[in-house]
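K.L.:
Using only what follows, build the 3D model:
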Amino acid sequence: MGLTITPLEGQPLGAKVTLPEGCHDPSTLSAEDFKTLYDGLHEHLVLVIPGMKDLSPESQWKLTTMFDPTCDQTGKSYGHGKEFRHDKSVLRRDGTSIPAFPQVQVLGQGDWPAGHEGLEAFTLRHPVHFDFHKSPLTDEEAYQKNLTRFYRWHIDSALYDLSPPVCTTLLGIHVPPHSRKQKIVYDDGDELELTQGATAFVSGARAFDLLSPEEQKRALGAKVVYAPHPYIFISPARATSDGLTMVSEKKEMPLDALPPWEESKVKELPLVWTNPVTKKHHLQVHGCCIYRLKFADGTVLELEDARNEVHRMMRPAIASKNVYAHDWESGDLAIFFNRGVWHSVTGQFSPGERRLMHQCNIASGKDPVCLSEDSLYGEAVDHVMGSSGKEEIAA
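P.N.:
Model (predicted):
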């Protein structure tokens, strides 16, 4: 029996994958089974394969590259490193690299002894909203009432020089055995109960569908300009309480104080990206890193106004009914379509609790595009493993 995909019951997105009998490594799937996996990822946006605790970093890296023939297949270029580990970057404490396969990052929480995948003793820190949001929860709210926040809604990408990865793979190796429930309370009274440390996902297609027809038309012609070295640029600033964007207080690092940067490497991407399989439009924007928003009619919104505008567009999509919060079990391998979803860390851990995960995403060789309605069904998109990247043909 071949690979099967079963939609998650009662969830707004996501599906469970059952590998073919006898297959324990998804990077070794046949071309036919991988095509099913590829199409399923673009349709369901998040796929979960249970029982992958022993998947090697090499196999995880190989599987990740299989979803994008335009990305570097040699392992020499993978799209993170200096940009993410810079001592001023907001991402600097979020993990460490596996020595033999630096394309794979080790994420989690707690102190770990030497020996894991060739690493010396290391300490992991789960990203928490306390030192990133402008107005964080109190300790009483977080640790006694078990409230939490979306840390930062985002797309995995350097957003400077490099193109956004097509997919991310995230493997849960060690998960606290008695995870407790935590709750997100929205500004409008909406609530979302989730398991401690759940990863939250929303569909960019759902976000686009929630816009009015007039807003959709305007969004289809819009471009997002990201700040140079965006994670360093925003490091002195603080985020909104929903994790969608930054509060504008003129605290950002001045452009002339950033590490050297080139105008040609500043990323300008469509506000809307087209799914190469379903042909759906996805509102895909990293609200925290936006610098400028440009519309087809010549209107340009600068930093604060750009943030306000994307926040207005993004906010309906994170309502609790639209969120899939993955409850991690040891061995879960989550594969998500990074060009079709936004995701966020949630939760906080108590002293002594530990978690260990492997994450991999590889910068693509080409930027995403927004196809016009005229070309949407006219373009022949070769999305099978080994394609030439025709999904990148611009309208």
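
K.L.:
Show me how far stretch 56-69 is from its chain's centre.
P.N.:
Computed by C-alpha atoms, centre = their mean, to the nearest Å, the separation of stretch 56-69 from the middle of its chain amounts to 17 Å.

K.L.:
Show me the contact partners of that stretch.
P.N.:
Stretch 56-69 has contacts (C-beta atoms under 8 Å, 6 or more residues apart in numbering) with 25-28, 34, 38, 41, 71-73, 75, 98, 100-101, 103-104, 117, 165-169, 171, 333, 335, 358, 360-362, 364-365, 385-389. To be clear about C-beta, it is placed using only N, CA and C from the backbone, and glycine gets the same treatment.

K.L.:
Filter the residues you listed down to the ones in strands?
P.N.:
Secondary structure from DSSP state E places 104, 167-169, 171, 333, 335, 358, 360-361 of those in strands.

K.L.:
Switch those over to a markdown table; also include pLDDT, neighbour count and distance to residue 231.
P.N.:
Listed next are the ones in strands among the contacts of stretch 56-69 as a markdown table, based on pLDDT from 0 to 100; neighbours: other C-beta atoms under 10 Å; distance: C-beta to C-beta, whole Å:
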| residue | pLDDT | neighbour count | distance to residue 231 |
| --- | --- | --- | --- |
| 104 | 95 | 24 | 20 |
| 167 | 97 | 28 | 21 |
| 168 | 97 | 22 | 16 |
| 169 | 98 | 27 | 21 |
| 171 | 98 | 26 | 23 |
| 333 | 98 | 21 | 26 |
| 335 | 98 | 25 | 24 |
| 358 | 97 | 25 | 21 |
| 360 | 96 | 25 | 19 |
| 361 | 95 | 27 | 15 |
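
K.L.:
which of these lies closest to residue 151?
P.N.:
Nearest to residue 151 among the ones in strands among the contacts of stretch 56-69, counting by C-beta to C-beta, is residue 168 at 15.9 Å.

K.L.:
ok, the closest one - contacts?
P.N.:
Residues in contact with residue 168 (C-beta under 8 Å, 6+ apart) are 64, 156, 335-336, 338, 359-361.

K.L.:
now residue 266
P.N.:
Taking C-beta under 8 Å, 6+ apart as the test, what residue 266 contacts is 160, 225-228.

K.L.:
again, but for residue 16
P.N.:
Contacts of residue 16 (C-beta under 8 Å, 6+ apart): 5-6, 8, 47-50.

K.L.:
hmm, 10 Å instead?
P.N.:
Residues near residue 16 by C-beta atoms under 10 Å, 6 or more residues apart in numbering: 4-9, 44, 47-50, 332.

K.L.:
now do residue 247
P.N.:
By C-beta under 10 Å, 6+ apart, the neighbours of residue 247 are 133-135, 237-241, 304, 307.

K.L.:
ok, now how distant is it from residue 136?
P.N.:
Look at residue 247 and residue 136: by C-beta to C-beta, to the nearest Å, they are 12 Å apart.

K.L.:
what do these two both touch?
P.N.:
238-239, 241.

K.L.:
List just the nearest of those residues to residue 55.
P.N.:
The nearest member of the shared contacts of residue 247 and residue 136 to residue 55, counting by C-beta to C-beta, is residue 239 at 32.8 Å.

K.L.:
re earlier: just the buried residues of the contacts of residue 16.
P.N.:
When those are checked for burial by 16 or more other C-beta atoms under 10 Å, the buried set is 5, 8, 44, 47-49, 332.

K.L.:
With secondary structure as new columns, can the residues you listed be given to me in JSON lines?
P.N.:
As requested, those are exported to JSON lines (DSSP: H, G, I helix; E, B strand; the rest coil):
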{"residue": "5", "secondary structure": "strand"}
{"residue": "8", "secondary structure": "coil"}
{"residue": "44", "secondary structure": "helix"}
{"residue": "47", "secondary structure": "strand"}
{"residue": "48", "secondary structure": "strand"}
{"residue": "49", "secondary structure": "strand"}
{"residue": "332", "secondary structure": "coil"}
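
K.L.:
low pLDDT regions in the stretch 1-150 of the chain?
P.N.:
The model of the stretch 1-150 of the chain has pLDDT under 70 over residues 75-94.

K.L.:
and residue 289, how many neighbours does it have?
P.N.:
25 (other C-beta atoms under 10 Å).
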